[in-house]
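Asker: Just the structure for this:
(one chain, ligands or ions: 1)
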Amino acid sequence: MSSLAAARYGKDNVRVYKVHRDERTGVQTVVEMTVCVLLEGDIETSYTKADNSVVVATDSIKNTIYITAKQQPVTPPELFGSILGTHFIEKYSHIHAAHVNIVTHRWVRMNVDGKPHPHSFVKESGETRNTQVDVHEGKGIDIKSTIKDLTVLKSTGSQFHGFLRDEFTTLKETWDRILSTDVTADWQWRRFNSLSEVKSNAHKFNNAWTIARNTTLKTFAEDNSASVQATMYKMGEIILAAEPLLETVDYSLPNNHYFEIDLSWHKGTKNTGKDAEVYAPQSNPNGLIKCTVGRANHKARL
Ligand SMILES: O=c1[nH]c(=O)c2[nH]c(=O)[nH]c2[nH]1
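Answerer: Okay, the predicted model is just below:
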């Protein structure tokens with residue numbers, strides 16, 4: 001005998017673009033996002049008894065995403081996700097949770113001849129702004145915001161020494177190395193009790209994103225890094241201190257290695273240590289360093 005232990009379903013990879021046209025100034029603003037909505041509730045019989053009467057078709061879920069984007073603001077994404085998720089639990093009495101994931105692509109206004117262009121944009125690298133919104137009927141709304149794939153490199157100002165040495169160690173200590181990573185930073189908001197509470201705090205979402213991004217870049221650039229671990233912890237501390245509604249800040253940082261190349265085989269060319277100029281960027285393997293920074297009263301899960 002088996003039973004359904006868990007189930008959720010919905011539409012993934014729904015690509016949506018919305019333009020706002022300011023008729024007065026002629027300035028247009030665009031948002032492009034990729035949305036996933038998964039629903040949970042009294043839907044067991046659709047799996048166990050082929051009962052489709054409880055199924056809100058994933059096609060209808062996609063349509064709802066489009067209609068909500070038309071009728072409601074799509075920024076900040078945390079607000080749009082909350083409005084969308086709340087719609088499903090209010091509209092369908094047998095749906096008890098909606099999980100909304102939004103990836104917002106970075107179309108940044110072009111500067112042409114030093115002036116912001118009214119309707120032309122450039123996509124800035126692979127970086128995205130994401131949010132995961134989980135709306136739980138009768139419990140509230142959990143929101144996590146994310147910066148994903150913000151790729152950075154510093155050519156000095158990073159060290160790594162004093163690490164444990166034993167019979168498995170070959171890595172040399174360094175007081176000056178290249179540091180590069182693809183930043184994933186998440187910040188978890190304390191639970192919102194209702195959609196109206198999300199709405200009354202909506203101005204904080206863009207602000208927190210700006211703080212998180214600026215803090216990540218500034219700390220990365222300015223910290224004379226003892227390790228990825230020590231630098232990422234400093235970032236998390238600063239972000240938590242700046243926004244009281246945040247419970248935790250998470251970082252996940254691959255250490256994208258750049259290896260020195262010994263070129264002494266060519267006419268005694270010096271290219272190591274203080275003479276190193278030409279390096280070999282590595283794609284794998286890479287270090288992967290993660291942490292969650294919480295408040296002092298936050299229970300650690302180490
Ligand atoms: O900043 C670092 N942290 C590590 O844990 C580690 N391990 C390693 O080989 N290089 C590095 N660098």
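Asker: okay, CA-based contacts and neighbour counts for the rest of this
Answerer: Fine.
Asker: For the stretch 51-200 of the chain, which residue gets nearest to the ligand?
Answerer: The nearest approach of the stretch 51-200 of the chain to the ligand comes at F160, 5.8 Å away (C-alpha to the nearest ligand atom).
Asker: was I right about that residue contacting I178?
Answerer: No - counting by C-alpha atoms under 8 Å, F160 sits too far from I178 to count as a contact (10.5 Å).
Asker: Would you mind stating the distance between L153 and R21?
Answerer: Noted for L153: a distance of 37 Å to R21, by C-alpha to C-alpha, to the nearest Å.
Asker: what's the answer for P73, then?
Answerer: 13 Å.
Asker: E78 too?
Answerer: Between E78 and R21 the computed distance is 22 Å (C-alpha to C-alpha).
Asker: Show me which of these two is the more surrounded one.
Answerer: Between E78 and R21, counted using other C-alpha atoms under 10 Å, the more crowded position is E78 (27 against 14).
Asker: For the more buried one, give me its contacts.
Answerer: Counting by C-alpha atoms under 8 Å, 6 or more residues apart in numbering, E78 touches 131-133, 143, 145, 202, 205.
Asker: Mind checking what secondary structure it has?
Answerer: helix (DSSP: H, G, I helix; E, B strand; the rest coil).
Asker: again with the one 3 residues further on
Answerer: G81 carries the three-state label helix when classified by three-state DSSP.
Asker: dump the residue contacts of L79.
Answerer: 198-199, 202.
Asker: List, out of these, those positioned next to the ligand.
Answerer: For the ligand, no contacts are drawn from those by C-alpha under 6 Å from any ligand atom.
Asker: Among the contacts of E78, which ones are in strands?
Answerer: Among those, DSSP state E puts 131-133, 143, 145 in strands.
Asker: Looking at the residues you listed, which is nearest H87?
Answerer: Of all these, V133 has the smallest distance to H87: 12.7 Å, by C-alpha to C-alpha.
Asker: what's Q229 sitting at in phi/psi?
Answerer: The phi and psi torsions at Q229 (degrees, to the nearest 10) take the values phi -60, psi -50.
Asker: Correct me if wrong: it contacts I289.
Answerer: Yes - counting by C-alpha under 8 Å, Q229 touches I289, with 6.7 Å between them.
Asker: returning to that earlier point: and the furthest pair within the contacts of E78?
Answerer: Those two in the contacts of E78 that are separated most widely, counting by C-alpha to C-alpha, are Q132 and A202, at 15.1 Å.
Asker: Neighbour count for these two, which is higher?
Answerer: Q132 (24 against 17).
Asker: what pLDDT does that one get?
Answerer: Per-residue pLDDT puts Q132 at 98.
Asker: Contacts only, for it.
Answerer: 78, 81, 99-102, 143-145.
Asker: Tell me the most packed of those residues, by neighbour count.
Answerer: G81 leads these on contacts (other C-alpha under 10 Å) with 30 neighbours.
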